[in-house]
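Q: Dropping the sequence and predicted coords here.
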Amino acid sequence: MSGARLLGGSGPAATALMAGLAGASALGALALLESGQRGLVLAAVIAVFWLFSWRLTVNLAALEPVGRAGRTVLGILIPLVFGVTLLFLWEFIVRGLAVPSVLLPAPSDIGVRIANSLPILWADFVQTYLKAVVAGYVLGCGSGFLVAVLIDRSPFLKRGLLPIGNLVSALPIVGVAPIMVMWFGFDWPSKAAVVVVMTFFPMLVNTVAGLNAAGAMERDLMRTYGASSSQSLVKLRLPAALPFIFNALKINSTLALIGAIVAEFFGTPIVGMGFRISAEIGRMNTDMVWAEIAVAALAGSLTYGLLSVAERAATFWHPSYRKA
Amino acid sequence: MRKLLAGAVVALAGLGFTGPTMAQDALTLQLKWVTQGQFAGYYVAKEKGFYEEAGLDVTIKPGGPDIAPEQVIAGGGADVIVDWMPAALAAREKGLPLVNIAQPFKKSGMELTCRKETGIEKPEDFKGKTLGVWFSGNEYPFLSWMSKLGLTTEGGADGVTVIKQGFNVDPLIQKQADCISTMTYNEYWQVIDAGIPEGELTVFKYEDQGVATLEDGLYVLEESLNDPAMVDKLARFVKASMKGWEYAAENSDEAAGIVLDNDMTGAQTEEHQKRMVGEINKLVDGSDGTLDTASADTTVEVLMGGGSDPVITKQPEGAWSSVVTDKMKELN
């Protein structure tokens, strides 16, 4: 294949070429930055890097690997390349334009800070995530689920409790958090309380909707089998409600993390992700703030991933998992 | 028609006599906290026309719980900020070139207020107790003090448990902390107003403990001092502001009223502001705005003496300048 065709084409050879060119231009930009050169030459090299990376991602997306392993690897590779490109662009732009670190630190500074602060980051993670978020999440989702089952049994509760749940969900967290601190003290129980308030309603609404999702034919079938209402609940309606329940669990995992971090802004012992973010921004250590953000993003993504895996295992029968 | 023209000429001439003849220089001041008696001097100077007389058009921006004046000036939102020296020095070490140009507050108003029933009578009794501290730049004097006392802030029996309190006195009233951070002019009176009598409180003033640091001072970015026109503007600004502080010292109730009129939130009360202005006047103590470099050196010593976790690690260079106050004294 001629050089021009390789540059413009797709396929494994072209992709490899793009990868090489993108890598070379990234190294070139870094070298220019190290030597203190800023200006049109640097801007040109950055633009070239971005073009090659874009082309690389397009080529990767167009590839059609044969085996399952190949497909999995590609599935990870494309977002990875895209993410790395963004990180490089961030680095080049911040250093090239000499953006003050109090406004936006470079990814390299953030990486160094993460490497140097692992004990602190771990202690904050334990305080906020493993204590406040997990406890609040379990309590909030658990109570939402139980109340939904109770509501399902009693039309009186359905009429009375659902609107109140509606009200509770509308309470702004920045109003609820200081009150919880006053009631439950400064330590993690008050943060768990905030998480409970935030996660209760989505779980409640989704479970109620899920319990009504079982089809009329299936419910009639259970009646013909002489099933009692609790047998029908356990064997038909709860499994049918699982997609909705997992939906709520996934939403709540995000809300729980937000709730715990924001609640820490209002009163906390001197450990915790929310505390670290607010204290370090006051000291203008923006790289530490970004380090905490990175930890939070990682924790949130891992949780969401775990829930998705559990969902796949429990609701494999759902039409959404069918391949065309 | 003739009468109309004559009338228009007279009106225009009249307009020409209302304003000062020189053009007004614009200047933006970012306060460290919300509109309150702590900044009475600046509001008085604006209201009484001292800034206008000096040819300045000053915009005063109130601060608040999540507004760090250092970030505002770094982002270009203000020309001069009111800040405390520890936070300014820490920012300077981080690469933000703040310079102190004037120091209206001679004394520090920071203190730790404890309930007598906790049995704390002297600083050594802090061991094993729970202390409330503000953060966002206000924690430095406390950390230095704990280091001086040899108490770790990690908690446990040999140290103190620190909680990050909000800007209120609830932790003391709810008994969630044994001691809380208060200012002589603000939160201390909130505790009194909440119903805890003075007799039930033990107060430790940072001034008495030898760990006081300089508080409200005026700071600008270093590059402002390279421009002679800007230095002149700042000199006029400091002179007019100190005139405002003088006026507030002599007419504290009127100053409180002016602060209230400028409070956009409506959250402040007359009684609280009158008390605050009275206490603030004690901290200004007749200062003419000049920074006492000996006090500045003491502040640096307190901050660097932080043991294993000093607030600043290097002796600051060029962190304060008398250029503006010298120019101010040349002005008539």
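A: All right, it came through fine.

Q: Count the neighbours of A:Ala26 for me.
A: If you count neighbours by other C-beta atoms under 10 Å in any protein chain shown, A:Ala26 ends up with 23. Any C-beta I mention is one placed from the backbone N, CA and C, and that applies to glycine too.

Q: And for B:Lys239?
A: 24.

Q: where's it relative to B:Glu330, distance?
A: Counting by C-beta to C-beta, to the nearest Å, the gap between B:Lys239 and B:Glu330 amounts to 10 Å.

Q: what does the stretch 51-200 of chain A put close to chain B?
A: Where proximity means C-beta under 8 Å from any C-beta of the partner chain, the interface of the stretch 51-200 of chain A facing chain B comprises A:100-103, A:178, A:182, A:185-186.

Q: Just read off the phi/psi values of residue 195.
A: Chain wasn't specified; assuming chain A. A:Val195 adopts backbone torsions of phi -60, psi -40, taken as degrees, to the nearest 10.

Q: wait, I meant chain B there
A: Per-residue torsions, B:Gly195: phi 110, psi 0 (degrees, to the nearest 10).

Q: same thing with B:Lys61?
A: According to degrees, to the nearest 10, the main-chain angles of B:Lys61 amount to phi -100, psi 120.

Q: Hmm, it is touching B:Leu27, no?
A: No. Taking contacts as C-beta atoms under 8 Å, B:Lys61 lies outside contact range of B:Leu27: 11.2 Å.

Q: Compare neighbour counts for these two and give me the winner.
A: Using other C-beta under 10 Å, the more surrounded residue of B:Lys61 and B:Leu27 is B:Leu27, with 19 against 16.

Q: Can you list the buried residues in the helix or strand encompassing the more buried one?
A: In this structure, B:Leu27 is located in strand B:25-30 according to DSSP states H and E. For strand B:25-30, burial by neighbour count (16 or more other C-beta atoms under 10 Å in any protein chain shown) applies to B:25, B:27-30.

Q: Identify all contacting residues around that strand.
A: Outside of strand B:25-30, the residues that reach it under the criterion C-beta atoms under 8 Å, 6 or more residues apart in numbering or on different chains are B:42, B:55-61, B:63, B:67, B:69, B:72-73, B:77-82, B:233-234, B:236-237.

Q: Among these, name the buried ones.
A: B:42, B:55-56, B:58, B:60-61, B:63, B:67, B:69, B:72-73, B:78-82, B:233-234, B:236-237.

Q: so who does the closest residue to A:Val295 other than its chain neighbours touch?
A: In this structure, A:Val295 finds its nearest non-sequential neighbour in A:Leu121, 5.4 Å apart by C-beta to C-beta, 6 or more residues apart in numbering or on different chains. Applying C-beta under 8 Å, 6+ apart, one finds that A:Leu121 lies in contact with A:114, A:291-292, A:295.

Q: Quick check: nearest residue in space to B:Tyr140, chain neighbours excluded?
A: Nearest non-adjacent residue to B:Tyr140 (C-beta to C-beta, 6+ apart): B:Pro86, at 3.7 Å.

Q: wait, that neighbour sits on B:Met304?
A: No. The pair B:Pro86 and B:Met304 does not pass the contact test of C-beta under 8 Å, sitting 10.9 Å apart.

Q: Of the two, which one has the most company?
A: It is B:Pro86, of B:Pro86 and B:Met304, that has more neighbours when counted by other C-beta under 10 Å, with 24 against 17.

Q: for the residue in chain A that chain B sits nearest to, phi and psi?
A: Using C-beta to the nearest C-beta, A:Gly282 is the residue of chain A that sits closest to chain B, at 3.4 Å. Dihedral pair for A:Gly282: phi -70, psi -30, per degrees, to the nearest 10.

Q: domains of the chain?
A: All of this refers to chain A. For chain A, the structural domains run A:3-99, A:115-321, going by automatic domain parsing.

Q: oops, chain B please
A: Per automatic domain parsing, the domain ranges recorded for chain B read B:22-107+B:214-330, B:110-209.

Q: Reformat these into JSON lines and put mean pLDDT and distance to A:Leu238 next to each item.
A: Below are those laid out as JSON lines (pLDDT from 0 to 100; distance: least, C-beta to C-beta, whole Å):
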{"stretch": "domain B:22-107+B:214-330", "mean pLDDT": "91", "distance to A:Leu238": "45"}
{"stretch": "domain B:110-209", "mean pLDDT": "89", "distance to A:Leu238": "42"}
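
Q: Show me the strands in the stretch 201-332 of chain B, by range?
A: In the stretch 201-332 of chain B, strands defined by DSSP state E, counting those that start in this stretch lie at B:201-205, B:217-221, listed in chain order.

Q: before we move on, the earlier item: by neighbour count, which of the contacts of A:Leu121 wins?
A: Using other C-beta under 10 Å as the contact criterion, the top neighbour count among those goes to A:Ala291, which has 28 neighbours.

Q: Surely it and A:Ile110 touch.
A: Yes. Applying C-beta under 8 Å, one finds A:Ala291 in contact with A:Ile110, separated by 5.8 Å.

Q: hang on, the earlier thing: quickly list what's touching both of B:Pro86 and B:Met304.
A: Shared contacts of B:Pro86 and B:Met304, defined by C-beta under 8 Å, 6+ apart, comprise B:Val311.

Q: Please spell out which residues along stretch A:238-252 are buried.
A: A:238, A:240-250, A:252.

Q: who touches it?
A: Identification of contacts with stretch A:238-252 by C-beta under 8 Å, 6+ apart yields A:137, A:140-141, A:144-145, A:198-199, A:202-203, A:205-207, A:209-211, A:213-215, A:218, A:304, A:307-308, A:310-311, A:314-315, A:318, A:320.

Q: mind redoing it with 7 Å?
A: By C-beta atoms under 7 Å, 6 or more residues apart in numbering or on different chains, the residues outside stretch A:238-252 that reach it are A:137, A:140-141, A:199, A:202-203, A:206-207, A:209-211, A:213-214, A:304, A:307, A:311, A:314-315, A:318.

Q: which among the residues you listed end up buried?
A: For the contacts of stretch A:238-252, a burial check counting by 16+ other C-beta under 10 Å picks out A:137, A:140-141, A:199, A:202-203, A:206-207, A:210-211, A:214, A:307, A:311, A:315.

Q: Just to check, the residue of chain A closest to chain B is in contact with B:Ala68?
A: Yes. With contacts defined as C-beta atoms under 7 Å, A:Gly282 counts as touching B:Ala68 at a distance of 6.0 Å.

Q: quick one: common contacting residues for these two?
A: Residues touching both A:Gly282 and B:Ala68 comprise B:136-137, with contact defined as C-beta under 7 Å, 6+ apart.
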